[in-house]
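# here are the coordinates; sequence isn't available:
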Ligand code: PMV
């Protein structure tokens, strides 16, 4: 049987940067994100087929390279083991991300794959089980199972059984919130987040400090989410992004993802906040800016004055995984 699932990307306000278990993708700290709307989504159709001799993967109409195929095959092995099947799978996946925006995300990709492939293998997983499964493909994918505000609880168990995401607040409570994304570069990142975070854990002295402080920011953001109060999380969001990028820069050799335009945006957001706090920037493992705000017009006018921005995308807070009858093959 063929199954198709759709998952949206998510952008963290408390970042995941560093694992305590490389194989199981167990994080050093809990993280919190908002799930994006369907503008940043992945749709994936999966069918297990006895006639296939190896897994097949087509991503955005292109057969993928060997490295990507191996990563997906290893992920499918987790599902095959669990479902006690041997068949190889055909996987067709499409991103709705603006082409060449450098936004394509493993979060929506592995969340959609986990959902479609587990159903196609005959498994009926709970959302918790799905989050644990998606996590093993890509850590941030654990959060894309749910819509709205989501926390990936780091957990303490060695086998990862308590490291999964939960919804903190439905997307219905965040209709006023936007992520204004400023595309600064469409280039693929030179250092993958997997490689980058491993180096940070190994060599950054500042990283230990980050782990000591992050709990306080998590508390602040959890409270703000509970009270549906964006303003009171603004400082913590920017501090957490700054802290992650400081640890990256403190890594030996330094890892730099933000560029000159990214820094100009961060400065402009801080200036915009000087009269009234309305926006929070956050940057992932790349130079593109994500500016959370409840005043999108003001943020967009501010961004239009900055040189070096290629495109501006206004994203709402979106839903979790859903299934579709519209198969891709
Ligand atoms: O899921 P990964 O392994 O691509 O890690 C993503 C890490 C960041 O995007 C930089 C932060 C986060 O929490 O999403």
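That came through fine. Just so you know, these numbers come straight off a predicted model, no measurement behind them.

# Next one: the residue in the stretch 201-329 of the chain that the ligand sits nearest to from residue 89, what distance?
Residue nearest to the ligand within the stretch 201-329 of the chain: residue 284 (3.8 Å; C-beta to the nearest ligand atom). Where you see a C-beta, it was placed from the backbone N, CA and C, and this is true even at glycine. Counting by C-beta to C-beta, to the nearest Å, the gap from residue 284 to residue 89 is 29 Å.

# do the same with residue 266
Applying C-beta to C-beta to residue 266 and residue 89 gives a distance of 42 Å.

# Poorly predicted segments of the chain, please.
100 (pLDDT under 70).

# what distance separates the helix or strand residue 300 falls within from the middle of the whole chain?
Using DSSP states H and E, residue 300 sits within helix 296-304. Computed by C-alpha atoms, centre = their mean, to the nearest Å, the chain-centroid distance of helix 296-304 equals 24 Å.

# Tell me the residues of this structure that contact the ligand?
12, 15-17, 31, 106-107, 138-140, 193-194, 284-285 (C-beta under 6 Å from any ligand atom).

# phi, psi of residue 169?
With angles defined as degrees, to the nearest 10, residue 169 sits at phi -160, psi 130.

# Please verify my assumption that it contacts residue 225.
Yes: if you go by C-beta atoms under 8 Å, residue 169 and residue 225 touch, sitting 5.0 Å apart.

# can you list residues touching both of these two?
Both residue 169 and residue 225 are contacted by residue 149, under the criterion C-beta atoms under 8 Å, 6 or more residues apart in numbering.

# Report the contact partners of the residue of the stretch 201-329 of the chain closest to the ligand.
11, 12, 15, 193, 257, 290.

# Export these as JSON lines, with columns for neighbour count and secondary structure.
Below are the contacts of residue 284 laid out as JSON lines (neighbours: other C-beta atoms under 10 Å; DSSP: H, G, I helix; E, B strand; the rest coil):
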{"residue": "11", "neighbour count": "25", "secondary structure": "strand"}
{"residue": "12", "neighbour count": "23", "secondary structure": "strand"}
{"residue": "15", "neighbour count": "28", "secondary structure": "coil"}
{"residue": "193", "neighbour count": "19", "secondary structure": "helix"}
{"residue": "257", "neighbour count": "21", "secondary structure": "coil"}
{"residue": "290", "neighbour count": "24", "secondary structure": "strand"}
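
# Between those, which sits nearest residue 42?
residue 11 (14.8 Å; C-beta to C-beta).

# what's the first-to-last distance across stretch 200-207?
By C-alpha to C-alpha, to the nearest Å, the extent of stretch 200-207 from end to end equals 7 Å.

# Revised request: answer the last question for stretch 5-16.
Stretch 5-16 end-to-end distance (C-alpha to C-alpha) = 25 Å.

# when you give positions from now on, start the count at 20
Sounds good: first residue 20 from here, last item stretch 24-35.
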